[in-house]
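Novice: need a structure here:
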Amino acid sequence: MSAVPESPSRPTVTEQEARQVAEAAREQDWRKPSFAKELFLGRFRLDLIHPHPLPADDDVQRGEEFLAKLRDFCETKIDGSTIERDARIPDEVITGLKELGALGMKIDTKYGGLGLTQVYYNKALALVGSASPAIGALLSAHQSIGVPQPLKIFGTREQKETFLPRCARTDISAFLLTEPDVGSDPARLATTAVPEEGGDYVLDGVKLWTTNGVVADLLVVMARVPRSEGHRGGITAFVVEAASEGVTVENRNAFMGLRGLENGVTRFHRVRVPASHRIGEEGQGLKIALTTLNTGRLSLPAMCVGSGKWCLKIAREWSGVREQWGKPVALHEAVGSKIAFIAATTFALEAVVDLSSQMADEDRNDIRIEAALAKLYGSEMGWLMADELVQIRGGRGFETAESLRARGERGVPAEQMLRDLRINRIFEGSTEIMHLLIAREAVDAHLSVAGDLIDPEKSLGDKAKAGAGAGLFYAKWLPKLVAGPGQLPGSYSEFKHGIDLSPHLRYIERTSRKLARSTFYAMSRWQGKMETKQGFLGRIVDIGAELFAMSAACVRAELLRGRDEHGREAYQLADAFCRQSRIRVEELFGRLWTNTDDLDRKVVKGVLSGTYEWLEQGVIDPSDDGPWIADAAPGPSQRENVHRPVR
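Specialist: Predicted coordinates for the structure are as follows:
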């Protein structure tokens, strides 16, 4: 007998219910060590990242051989300016990538993939993304969050044997979670998958911003299974054939950047999905999505590394030939400081991505925080580097490459880089959501021992029990935050080779303890209201991100020195980055307690109530009168299907 479907209207949930859904999707346990988690707890575990982990020789050989083939393909077959002009990746380019094996970079060789490590997968994305960011996004969405990654972790043997060979060579995949009225609040997910007799499911709903959705052959779809007899229900993941009856791509979306992105709106109307296509158990969908993103998020900062490298190249070449007031603009301090920022930040960001990726490959550490920090830091710093390049280029930075080329100058797509990078601060978790996600993990140890103590809904008995446990934890933990090796002048002396990086490592150790003390003080002060202090939590996370980047930069510099690969130059870049980063850290600490957060909240309430509506007068609103959010009521599609699989 079929389960009774829920109302087609969007689920109504309270703030507490939404939080409970998100909390249930978290990985609850820490079975492996985490450098970043320890950093937030005031413990600088340098031993977890130094000496820098390295890939196996055969992984290096396989990765380098593919990079050489991919570079040749990028240089001879990809025309980024054509993709930008036509807002479409040519079918022959996608076909060529399939023949090259680029769809299967992360898929095991036994399924027809290349079996590249995370390190070399990311290097490949940085390379191809520099040729065309739209192609980088296509390959990343396919392998980092599309069908291959969740099946690799959660798929059955039959599912892997069925789908992975297709994903490795012929079929493009996409990931569908977001809906017109659901972004980072999945508790309100409206797409349903209703169980039928015989075990199949019937899928109904609308998904928004489906990257690769326009050209995809296979879809990972998150849908809500109604609770019924024999069905635990909950948000569940399915592999869906894009050519299934009832699947309609209703619109190919266009954006300010990534103009070749095949991103659409996908409607499901009574789409039958076999039970064998369900990934994991019912109700595990969000957990599968979040676990997939633990390493999947690394692809985005990898492409930001590629952007930083290109920004540095253009800044170097341009500022060396452009003269003002009798000397190259690079030698003017106002411009030179921007170039130094780009160089130092690119070095540090590459250090963060390579270190996190190698740790993911070794699987000895839990990198959920490291990957999230890499995504957060990479997207923010990538944007800043591109913005600085536009400023260095001046008017030419604002001019399109096509216009520059038409009037006889080198077509440098600086403004396109800025447009293409902007989405990274929103993709795969906006900066604001990443702050909250990382902050939740950073305070996990505190909530584990004192969560019931600050929970207003817990009984006095529960609070008393929690108080006893918290007392034991803090009695051992707090004294360790008073002193450490960061206060000993000789600590970390192995990082002194001409240029001395040891003071930076001592600073990281001291600052890690200061960060932990600040977090503890805030929890003591605000208790249950801590989760509402998003400004404070965001700054805590940003400090942790800087400390992680400093650590990675120093460890990478020592690795390169030990291998005689530009060691002195690497030390110099690490030193420059750490000095720049320390200034940012001190500013963030100052803003923990001296800020306008309370006043800002009052102003926001005034804005929403119309108190300042007079301030909006004197302009014309060019927006049209359409609804803020498109209607996503389930039902048959009324629009032409713009799905176009590439064969």
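Novice: would you map the strands across this structure?
Specialist: For the chain, the strands defined by DSSP state E cover 173-176, 192-195, 201-211, 218-225, 234-241, 247-252, 263-273, 278-279, 323-324, 327-328, 496-497, 499-500.
Novice: wait, which of the ones you listed is closest to residue 350?
Specialist: strand 499-500 (18.6 Å; CB to CB). Any C-beta I mention is one placed from the backbone N, CA and C, and that applies to glycine too.
Novice: weakest of the strands of the chain by average pLDDT?
Specialist: Among the strands of the chain, strand 323-324 carries the lowest mean pLDDT, a mean of 79.
Novice: isn't residue 66 right up against residue 104?
Specialist: No: using CB atoms under 8 Å, residue 66 is not in contact with residue 104, being 10.6 Å away.
Novice: need the overlap of contacts for the two.
Specialist: residue 114 (CB atoms under 8 Å, 6 or more residues apart in numbering).
Novice: so these two - more neighbours on which side?
Specialist: residue 104 (26 against 21; other CB atoms under 10 Å).
Novice: need the per-residue pLDDT for the more buried one.
Specialist: Residue 104 is given a pLDDT of 97.
Novice: contacts only, for residue 51.
Specialist: Contacts of residue 51 (CB under 8 Å, 6+ apart): 555, 558-559, 562.
Novice: look at residue 341 and say how many residues are nearby.
Specialist: 18.
Novice: do residue 167 as well
Specialist: Residue 167 has 27 neighbours, counted by other CB under 10 Å.
Novice: check residue 205 too.
Specialist: Neighbours of residue 205 under the rule other CB under 10 Å: 25.
Novice: residue 637: which of the contacts of residue 51 is nearest?
Specialist: So of the contacts of residue 51, ranked by how close each gets to residue 637 (CB to CB), first place is residue 555, at 52.7 Å.
Novice: can you count the residues close to the closest one?
Specialist: 23.
Novice: does it touch residue 53 like I think?
Specialist: No: taking contacts as CB under 8 Å, residue 555 lies outside contact range of residue 53: 9.6 Å.
Novice: do a quick rundown of the helices in the stretch 301-450 of the chain.
Specialist: 333-362, 368-393, 395-398, 401-406, 414-422, 431-442, 444-454 (DSSP state H, counting those that start in this stretch).
Novice: who's the closest residue to residue 320 other than its chain neighbours bridged to?
Specialist: Nearest residue to residue 320 in three dimensions, chain neighbours excluded: residue 328, at 5.3 Å (CB to CB, 6 or more residues apart in numbering). Here residue 328 sits in beta bridges with residue 323, going by DSSP bridges.
Novice: for the closest residue in space to residue 177 that isn't next to it in sequence, what are its contacts?
Specialist: Here the nearest residue to residue 177 in space, its sequence neighbours aside, is residue 222; by CB to CB, 6+ apart that works out to 4.6 Å. With contact set as CB under 8 Å, 6+ apart, residue 222 has these partners: 176-177, 186, 189, 191, 235-237, 285-286, 289.
Novice: what residues are up against residue 591?
Specialist: Here residue 591 is in contact with residue 539 (CB under 8 Å, 6+ apart).
Novice: ok, 10 Å please
Specialist: 535-536, 538-539, 542-543, 597 (CB atoms under 10 Å, 6 or more residues apart in numbering).
Novice: how about those residues, which pair is most distant?
Specialist: Between all members of the contacts of residue 591, the farthest pair (by CB to CB) comes out as 543 and 597, at 16.2 Å.
Novice: counting neighbours, go ahead and name the busier of these two.
Specialist: Per other CB under 10 Å, whichever of residue 543 and residue 597 has more neighbours is residue 543, with 27 against 12.
Novice: and the residue nearest to the more buried one when sequence neighbours are not counted, how many neighbours?
Specialist: Leaving aside its sequence neighbours, residue 543 sits nearest to residue 588 (CB to CB, 6+ apart; 5.0 Å). By other CB under 10 Å, the residues close to residue 588 number 19.
Novice: now the one 5 residues further on
Specialist: Around residue 593 there are 11 other residues, counting by other CB under 10 Å.
Novice: then residue 44?
Specialist: 24.
Novice: tell me the contacts of it?
Specialist: The contact partners of residue 44, by CB under 10 Å, 6+ apart, come to 35, 38, 484-486, 492, 505-506, 508-513, 547, 551.
Novice: now do residue 389
Specialist: Counting by CB under 10 Å, 6+ apart, residue 389 makes contact with 307-308, 310-315, 318, 338-339, 342, 397, 412, 414-415, 417-418.
Novice: can you do 6 Å?
Specialist: 311, 315, 414 (CB atoms under 6 Å, 6 or more residues apart in numbering).
Novice: how about the last one, nearest residue that isn't a chain neighbour?
Specialist: Meaning residue 414. Residue 414 sits nearest to residue 397 (CB to CB, 6+ apart), 4.4 Å away.
Novice: measure that neighbour to residue 338 for me?
Specialist: Remark: distance between residue 397 and residue 338 (CB to CB, to the nearest Å) = 12 Å.
Novice: ok, now residue 530?
Specialist: The gap separating residue 530 from residue 338 is 37 Å, by CB to CB.
Novice: quick one, which of the two is more surrounded?
Specialist: Each of residue 530 and residue 338 has its neighbours counted (other CB under 10 Å); residue 338 has more, 22 against 19.
Novice: quick one, what contacts that one?
Specialist: By CB under 6 Å, 6+ apart, residue 338 lies in contact with 388, 392.
Novice: any idea how far it lies from residue 59?
Specialist: 37 Å.
Novice: same thing with residue 262?
Specialist: Relative to residue 59, and taking CB to CB, residue 262 is found at 31 Å.
Novice: cool, and residue 243?
Specialist: As judged by CB to CB, residue 243 and residue 59 stand 36 Å apart.
Novice: higher neighbour count, those two?
Specialist: Higher neighbour count among residue 243 and residue 59: residue 59, with 16 against 11, using other CB under 10 Å.
Novice: isn't the more buried one right up against residue 117?
Specialist: Yes: proximity of residue 59 to residue 117 meets the contact threshold set by CB atoms under 6 Å, at 4.9 Å.
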